[in-house]
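> Turn this into a structure:
(one chain, ligands or ions: 2)
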Amino acid sequence: MLIDWNDTLVLGDARIDEEHRELVMVINRLFRALEQGADRDEVCDVAFTLGEQVTQHFNSEIELMEASGYPGAAAHQREHKRLMEELGAALHRIGREADGELLKVASFIEGWFVIHVTTADAQFVRFLNDTALQEEPLPASW
Ligand SMILES: [Fe+2]
Ligand SMILES: [Fe+2]
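Ligands and ions are numbered 1, 2, ... in the order given. This is a model prediction of the structure:
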């Protein structure tokens, strides 16, 4: 199944949302390539791109967390580490498994992504937006 880019995935931070949207595009490309029976080299190329893009995205979130003083940064970073291990294992399987198993791997990656975005990332963006609200200057008449 392709991931549908919808409101549940839009968290309300322009940079994070854009990076998530790009990740959804790569995950969907991977899914389509597998579904259409693209050759293994092509599939592995997309898998490689996904690994790279997730690494960059995780780094950019951690940067934002540090810059904003997010108290959940360490826990979030631990979750990213665990997620990278899971993704690494899934991408590794893509290079080796029989064709019939590959769509299951792609479905795993979809769930893996959507769950993190709608839980841990959503919590971070709520913090970012709450902090931004508190830092807004009072109107001049105050
Ligand atoms: Fe994220
Ligand atoms: Fe994250």
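
> Can you pull out the low-pLDDT segments for the chain?
The chain contains residues with pLDDT under 70 at 138, 141-142.

> Measure how buried residue 105 is and give me the count.
Neighbour count of residue 105, defined by other C-beta atoms under 10 Å: 19. Backbone N, C-alpha and C define where each C-beta goes, glycine included.

> so how far is the helix or strand encompassing it from its chain's centroid?
Taking DSSP states H and E as the definition, residue 105 sits inside helix 99-116. Remark: helix 99-116 is offset 13 Å from the chain centroid, using C-alpha atoms, centre = their mean, to the nearest Å.

> pull the CA atoms of the helix or strand following that helix into CSV?
Proceeding N to C from helix 99-116, the next assigned helix or strand is helix 122-135, under DSSP H and E. C-alpha atoms of helix 122-135 as CSV (Å, rounded to 0.1, in the frame of the first residue of the first chain):
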residue,chain,number,x,y,z
ALA,A,122,4.3,15.0,16.6
GLN,A,123,5.3,15.5,20.2
PHE,A,124,8.4,17.4,19.2
VAL,A,125,6.6,19.7,16.8
ARG,A,126,3.9,20.4,19.5
PHE,A,127,6.8,21.5,21.7
LEU,A,128,8.3,23.7,18.9
ASN,A,129,5.0,25.4,18.3
ASP,A,130,4.2,25.9,22.0
THR,A,131,7.6,27.4,22.5
ALA,A,132,7.2,29.7,19.5
LEU,A,133,3.8,30.9,20.9
GLN,A,134,5.3,31.7,24.3
GLU,A,135,8.2,33.7,22.7
